[in-house]
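1. Provided below are the primary sequence and the corresponding predicted coordinates.
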Amino acid sequence: MAIKTNLKSLQPRREHFKREITLLSGGYYNPAAFPGGKVTVYPWDSHIDSWFQERLRLPQKEYALWEAAEKVADLNKCPVRDMVMGDVWTILMVSKAICNDCVVEYIARCPHCERAEQASIRIPDELQIQGKKTAEYPGFENITLPESKDVVTIRPLIVGDNIYILERTPEQRTKMSDMIAGILLTVKAVGGGTVDGVDEVLEWYNALSPKDAEFLQKEQGRLHPQLDTRVHHKCENCSEKFSYDLELNRDFFRAGER
């Protein structure tokens with residue numbers, strides 16, 4: 001006997017629930033792949049989740065999320081390693097949220113009184129945007145350090161940078177932390193002179209004053225097009241304000257995890 005269903009259509013859910021979003025970068029790095037800065041995102045369903053769980057058991061599981069982005073979005077032949085990090089995180093968050101009508105639920109715990117609060121947020125609509133770009137963005141911008149007055153050309157962090165950081169040798173890691181590497185990889189030029197390797201820019205960075213080094217870090221964060229994953233709350237118990245950070249790691253994308 002044939003099945004009887006209340007479904008009005010047997011269109012695969014991948015197509016039925018797909019969503020078109022505008023990349024926060026405007027897709028400036030590949031306008032041919034992302035015309036108008038738009039990309040189609042598909043739901044993170046049981047098929048994707050099953051693949052993801054298996055992928056985490058294989059070597060180099062750190063790459064699983066970048067590979068997942070290629071499965072849940074139509075990148076139109078744009079290599080994921082060329083994409084801005086914030087764009088990939090946005091795609092992954094939207095894909096995961098589609099399964100729950102684009103709403104993510106989580107538990108926010110007040111740091112003042114320890115009260116746990118059940119909360120939810122609509123992604124990406126209710127997250128604040130920072131560093132938004134357009135398709136005409138040249139891919140870099142100049143900042144002037146407050147003390148040295150060095151004019152520094154910086155660009156947004158891309159997935160390829162993150163892969164480079166993961167693949168560094170132990171010797172390279174002793175020279176600088178992953179966080180510092182992430183900052184310095186975005187430096188294209190200093191004073192108009194093009195950076196000739198990470199060692200050169202590290203030597204320059206280590207000579208900066210604490211104020212200049214902190215300014216560079218803050219500007220790199222400001223420049224990066226991304227969704228602000230900090231959600232602001234006011235505790236219903238003690239009335240204190242606090243922020244909850246949606247931790248976007250592998251666990252966030254596991255089935256049933258928030």
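-> Everything's here; your move.
2. need phi/psi at residue 74.
-> phi -90, psi 90 (degrees, to the nearest 10).
3. got it, and the one 10 residues further on?
-> In this entry, residue 84 is assigned phi and psi values of phi -70, psi 140 (degrees, to the nearest 10).
4. that one reaches residue 227, doesn't it?
-> No - Residue 84 is beyond contact range of residue 227, at 12.0 Å (criterion: CB atoms under 8 Å). Where C-beta positions appear, they are placed from N, C-alpha and C, glycine not excepted.
5. confidence score at the closest residue to residue 187 other than its chain neighbours?
-> Spatial nearest neighbour of residue 187, chain neighbours left out: residue 201 (5.1 Å); criterion: CB to CB, 6 or more residues apart in numbering. On pLDDT, residue 201 comes in at 95.
6. was I right about residue 55 contacting residue 65?
-> No - proximity of residue 55 to residue 65 does not meet the contact threshold set by CB under 8 Å, at 9.4 Å.
7. quick one, helices of this structure?
-> 13-16, 46-55, 64-72, 85-98, 159-166, 170-175, 178-184, 198-207, 210-223 (DSSP state H).
8. quick one: which of the ones you listed is nearest residue 27?
-> Closest to residue 27 of the helices of the chain is helix 85-98 (CB to CB; 7.8 Å).
9. next, show the common contact partners of residue 84 and residue 227.
-> Common neighbours of residue 84 and residue 227, using CB atoms under 8 Å, 6 or more residues apart in numbering, are residue 24.
10. between the two, who's got more neighbours?
-> Set residue 84 next to residue 227 and count neighbours by other CB atoms under 10 Å: residue 84 wins out with 27 against 22.
11. next, count neighbours for residue 49.
-> 17.
12. look at residue 55 and residue 65 and report which has more neighbours.
-> Neighbour count, other CB under 10 Å: between residue 55 and residue 65, residue 65 has more, with 22 against 17.
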